[in-house]
Each structure stands twice: as structure tokens, then as C-alpha cells.
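Novice: quick one, structure for this:
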Amino acid sequence: MLKYIVKRILYLIPILFGVSIIIFGLKTFTPGDPARQILGNSASEAQVQEKREELGLNDPVPVQYFNYVKGIVTEGDFGVSYRTGKPVFEEIAPRLLTSAKITLGAVLIGAVIGVLLGIISALKKYTWVDSGVLVISMFFQSVPEFVVALVLIMIFAVNLHILPANGIESWTGYIMPMLCIGLSSVASYTRITRSSMLEVLGEDYIRTARAKGQSERNITYHHALRNAMIPVAQSVGTSLGNTIGGGMVLETVFGVPGVGKYIVDSIAQRNYPSVLGGALIIAIVLTLINLLVDISFVLIDPRLKTTIISGGKTKKKKMKKFKAGLLKMGRHIMLMK
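Specialist: Okay, the predicted model is just below:
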């Protein structure tokens with residue numbers, strides 16, 4: 001198990017390295033001069049060149065990339081914002097917390113609604129209830145998130161005046177972004193829960209429980225649901241990336257001061273350090289989430305742990321056989337001489 005965790009951590013290094021190269025390359029080849037953007041059109045060419053030298057933009061691209069990565073690794077420096085002159089990480093940190101609240105709330109809403117609909121659909125399979133649940137869940141997946149956002153704003157903010165249309169001055173400002181992102185993931189949770197429940201309900205131990213006279217309620221919630229939740233729990237972790245991506249768009253729609261809106265505003269302002277730092281921080285967060293999800297898979301499902309351990313033992317056995325074969329071949333060669 002420890003070797004598996006160490007191996008997964010080592011896999012993160014080339015992933016983050018590749019992501020940083022792609023993001024830095026996009027920033028490098030994007031049209032426009034950051035020095036001219038900072039100083040304005042009224043600045044002279046000498047002032048622009050001086051600013052470029054100060055920012056290190058006259059250095060070769062590999063040197064710029066090396067200095068950037070060196071600053072992140074040694075000092076945790078993701079650059080300085082062109083607009084405010086503050087470190088990018090200091091500006092992103094509070095926004096990252098806001099985005100995390102919305103993401104976790106959206107995942108919770110989507111998982112709870114999706115699991116409940118999936119259970120109902122599985123228990124009422126091939127009926128009008130099953131068909132209705134699937135139609136409702138697919139509807140929320142088919143409609144774009146920003147359309148759902150506009151509909152929610154019209155209903156709850158404009159007509160009913162219950163929730164604010166934008167901003168998060170209070171806890172009520174989180175409700176519509178969470179609800180909008182969560183509803184888009186209901187269909188996937190519903191399908192996974194339904195298929196997993198139907199598979200578990202057809203197992204032999206479920207039929208044995210029925211033969212022993214246990215109630216359907218006890219069979220559903222104490223036997224079937226517990227085992228059916230393993231694939232659902234795994235899908236929650238893998239859907240976090242999609243949820244974060246959808247949140248970046250909706251933060252702009254709802255005016256939420258999160259990381260997504262920060263990056264979008266920075267792109268419009270050509271604030272390259274903020275764009276690069278924000279994208280790289282999100283990439284780091286996503287890779288860490290994927291690491292935790294992979295580890296949780298093993299902890300949730302004992303079969304995976306058995307597979308990993310047995311897989312390692314199988315490799316050791318093969319290696320021993322290979323070494324024994326080499327030694328045997330060497331002895332035959334010596335005897336032939």
C-alpha cells in the first residue's frame with residue numbers, strides 16, 4: 001500500500017511538469033507586449049524596453065521558464081500581478097477558499113439528489129417512475145449550465161427576490177452557484193447509482209437474504225445500498241475536476257470572487273502572471289485531488305487493495321523466476337565450456 005502511494009506521488013511530478021510547460025508556452029506565444037500593457041500606449045520605447053528588462057521578458061524562453069519554476073519550487077513564488085503589484089498567490093488564496101466552498105456544496109447537492117433518484121429508479125425499474133427519473137436527470141445534463149444560471153436568477157432573484165443575483169455578501173449568495181453546478185451532475189450520479197443498484201440486487205446474497213425472510217427495506221438499505229455506493233463514491237472524486245471547470249464559468253455569471261472569475265478577468269487585462277499562476281494552482285489542486293481519490297479507491301474497495309498487493313507479489317515471483325532462469329542458463333553455458 002505504501003509503495004502504491006509513493007508511486008502515485010511520483011507520477012504527479014511529470015504531470016505537473018507537462019502542465020507547466022503547456023501553460024507557460026501559451027503565455028509566451030500569446031500576442032501582445034506585457035510591458036506595453038503595464039505602461040500604457042503613451043510610454044516611450046525606451047521605457048518599454050526598460051520594463052521588459054525588469055520583468056525578464058528579454059531573456060530566452062527556456063531561461064524565463066527555468067526562473068519561473070525555480071521561484072515556485074524554492075520560494076513558492078507564482079509571480080507578481082501586473083495590475084496590483086501583489087504576489088499572485090496572496091490574491092488567489094482567499095478566492096481559492098470561495099471556489100472550494102462552491103465546489104464542495106455543488107458536489108454534495110448533485111450526489112444527494114442523484115443517489116436518491118438512482119435508488120428510486122432502480123427500485124421502480126422499467127416503470128413510468130424509472131422513465132420519468134431518467135428524463136428529469138438527462139434534462140439537467142443537456143441544458144448548459146449558464147442557461148440554468150440565468151433561469152435561476154430570473155426566478156429567485158428577479159421575480160421572487162429571495163436570493164441575490166450576484167456576489168456573496170452573505171451565505172445566501174452561495175446557494176444559486178452551488179445549485180446550478182450541482183444540478184448538471186445529477187444525471188451521472190443517477191445513472192451510476194441505478195446501474196450499480198440493479199447489479200447488486202441481482203447478486204446471490206440478495207436472493208439469500210430474501211429467502212431468509214428479510215424485509216425489502218432491510219435488504220435495500222443494509223445490503224444492497226452499502227455495496228452499490230462503492231462506484232458512486234469513486235465517481236464523486238472523478239467529477240470534482242468537471243465541477244471545478246464548470247464553476248469557473250458560473251463564477252463570472254454570478255459575480256462570485258473565486259479563482260475562475262479571477263483568471264477570466266486577468267485574461268481580459270492580459271495580466272499574464274495572474275493567468276499563469278491561477279491556472280497552475282488549479283492544476284496542482286486537481287492533481288492532488290486525483291491522488292486522494294486514487295488512494296480513497298483502495299481504502300473504500302478492499303478488492304483493489306488485494307489486487308495491488310497480489311499484483312506486487314506476482315511481479316516479485318516473475319522476477320525471481322527470471323533470475324533463476326538466468327542463473328540456470330549461466331550454469332549450462334559453464335558446463336558446455
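
Novice: burial count for Arg30?
Specialist: Actually, residue 30 is Thr. It isn't Arg. Using other C-beta atoms under 10 Å, the number of residues around Thr30 comes to 12. C-beta coordinates here come from the backbone N, C-alpha and C atoms, glycine included.

Novice: does it touch Ile267 like I think?
Specialist: No - under the criterion of C-beta atoms under 8 Å, Thr30 makes no contact with Ile267, lying 9.3 Å away.

Novice: which residues sit in contact with the residue nearest to His223 when sequence neighbours are not counted?
Specialist: Distances taken as C-beta to C-beta, 6 or more residues apart in numbering place Ala209 nearest to His223, at 5.7 Å, with adjacent residues excluded. Residues in contact with Ala209 (C-beta atoms under 8 Å, 6 or more residues apart in numbering) are Asn218, Ile219, His223.

Novice: what mean pLDDT does stretch 106-126 get?
Specialist: Averaged across stretch 106-126, pLDDT comes to 87.

Novice: and the residue nearest to His223, how far from Glu203?
Specialist: Separation of Ala209 from Glu203 (C-beta to C-beta, to the nearest Å) stands at 10 Å.

Novice: same question, Val88
Specialist: 52 Å.

Novice: same thing with Ala283?
Specialist: Taken as C-beta to C-beta, the span from Ala283 to Glu203 is 40 Å.

Novice: more neighbours: the two, which one.
Specialist: Using other C-beta under 10 Å, the more surrounded residue of Ala283 and Glu203 is Ala283, with 17 against 13.

Novice: please identify the buried residues of the helix or strand harbouring Lys27?
Specialist: Using DSSP states H and E, Lys27 maps to helix 2-28. Of the residues in helix 2-28, Tyr4, Leu16, Val19, Ser20, Ile23, Phe24, Lys27 count as buried by neighbour count, 16 or more other C-beta atoms under 10 Å.

Novice: likewise stretch 106-113?
Specialist: Ala106, Val107, Ile109, Gly110, Ala111, Ile113.

Novice: out of those residues, which are inside helices?
Specialist: Those of the buried residues of stretch 106-113 mapping onto helices are Ala106, Val107, Ile109, Gly110, Ala111, Ile113, per DSSP state H.

Novice: columns distance to Leu276 on top of those residues, output as JSON lines?
Specialist: Listed next are those as JSON lines, based on distance: C-beta to C-beta, whole Å:
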{"residue": "Ala106", "distance to Leu276": "26"}
{"residue": "Val107", "distance to Leu276": "27"}
{"residue": "Ile109", "distance to Leu276": "32"}
{"residue": "Gly110", "distance to Leu276": "31"}
{"residue": "Ala111", "distance to Leu276": "33"}
{"residue": "Ile113", "distance to Leu276": "37"}
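
Novice: Arg52 versus the residue lying closest to Gly79 once chain neighbours are set aside, what's the distance?
Specialist: Setting aside the residues directly before and after it, Gly79 is nearest to Pro273 in space (C-beta to C-beta, 6+ apart), at 3.3 Å. From Pro273 across to Arg52, the span is 14 Å (C-beta to C-beta).

Novice: what's the answer for Val6, then?
Specialist: Taken as C-beta to C-beta, the span from Val6 to Arg52 is 43 Å.

Novice: quick one, what contacts the spatially closest residue to Ile244 that is not a sequence neighbour?
Specialist: Leaving out its chain neighbours, the residue that sits closest to Ile244 by C-beta to C-beta, 6+ apart is Thr103, at 5.6 Å. Counting by C-beta under 8 Å, 6+ apart, Thr103 touches Ile181, Leu240, Thr243, Ile244, Gly247.

Novice: distance of Gln269 relative to Ile206?
Specialist: 59 Å.

Novice: tell me which of the two has more neighbours.
Specialist: Ile206 (17 against 14).

Novice: thought His223 was touching that one, still the case?
Specialist: Yes - under the criterion of C-beta under 8 Å, Ile206 is in contact with His223, at a separation of 6.2 Å.

Novice: mutual contacts of these two, please.
Specialist: The contact lists of Ile206 and His223 share Val200, where a contact means C-beta under 8 Å, 6+ apart.
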